[in-house]
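[1] sequence first, predicted model second:
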Amino acid sequence: YPQDGTDLAIMVAGAGAGTVFKVGGKLYKKIGNKLKLVEEGVEDASRVVDDVADASKVADDVADASGSGKLKGNGLEDSEALDVDGINLPDIPGQMSSAIQKIPERDYLEIKSRSVHNPDSDSLVLGKYRPTITDDVEDWNVPGADSYVAIAREENATYFDLGSEWDAITSKYDMTGDEMFEAFNIPVLDDAVSSGKQIKFTHDPRTNGGFLQQEWEYLQDTHGYNRLVEIDGVWYAK
């Protein structure tokens, strides 16, 4: 078990979305990059992994947690202190995956932040990017009406889009397509699931291939989704 805030931060950074930690005798669920208090008796409490040897899942009785409400470990400044009731944890992408390790931490956090639009929405829109077409000429700099970006903007929904930055990032940091998916697409999906967002596709992910299909497969394999319900040309993940 971790003995200070630094160890807890590393553990939480590496844990999957929705993992429940026991800290100072209380239960906290990982939501994005935060630990949120799990109220006693609610459904989330059933997800607790307790009294096991798997330290990657459980942080138990971390020093000073119950006394001050903050977990300060060696090397953590006051501004980075872990507040177990919702304040951001220090983000340690280097502990999360080999893909993210290719990108300096500051760069990664900045890219990740600007890649997610309307993050506070209660729905996530996924789909294909389609261009605007004027006089039979495609303009890929402006999303067309059938593009997931345009649809998400109209609905004020959460969506992921790096635009022309995608190619620049892959070149600058020597990232493969799979590594980009792991570093940027997967966190968006994890956060959407842990936040309870409705997830919908503007194009059928089963027939369009590419990252869209990978996103649907990840939701199935990791989060237990098992069907798509089509309503008026939109596919809702269930």
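    Alright, I've got the coordinates.

[2] so, low pLDDT: which residues of the protein?
    Counting by pLDDT under 70, the chain contains low-confidence residues at 1-26, 28-97.

[3] where along it do the strands fall?
    For the chain, the strands defined by DSSP state E cover 20-23, 26-31, 34-37, 70-71, 82-83, 116-117, 123-126, 131-134, 137-143, 159-160, 198-201, 228-231, 234-237.

[4] next, the buried residues of the last one.
    Put plainly, it is strand 234-237. 234, 235, 237 (16 or more other C-beta atoms under 10 Å). No exception for glycine: its C-beta is placed from N, CA and C like everyone else's.

[5] one more: the longest one?
    Neighbour-count burial for strand 137-143, counted by 16+ other C-beta under 10 Å, picks out residue 143.

[6] which residues sit against that strand?
    With contact meaning C-beta atoms under 8 Å, 6 or more residues apart in numbering, strand 137-143 is reached by 129, 130, 131, 132, 133, 149, 150, 153, 164.

[7] can you select the buried ones from those residues in PyMOL?
    In PyMOL, a selection of the buried entries from the contacts of strand 137-143 looks like this (16+ other C-beta under 10 Å):
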select buried, resi 129+130+149+150+153
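
[8] ok, the contacts of strand 137-143 vs residue 221, which is closest?
    Nearest to residue 221, judged by C-beta to C-beta, of the contacts of strand 137-143 is residue 129 at 24.1 Å.

[9] ok, the closest one - contacts?
    140, 143, 147, 148, 149, 161.

[10] in a markdown table: the buried residues of strand 234-237, plus distance to residue 180.
    As requested, the buried residues of strand 234-237 are arranged in a markdown table below (distance: C-beta to C-beta, whole Å):
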| residue | distance to residue 180 |
| --- | --- |
| 234 | 26 |
| 235 | 23 |
| 237 | 22 |
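
[11] pick out whichever of those sits closest to residue 182.
    residue 237 (19.8 Å).

[12] how about that closest one, what does it touch?
    199, 200, 201, 216, 219, 225, 228.

[13] right, I'll leave it there.
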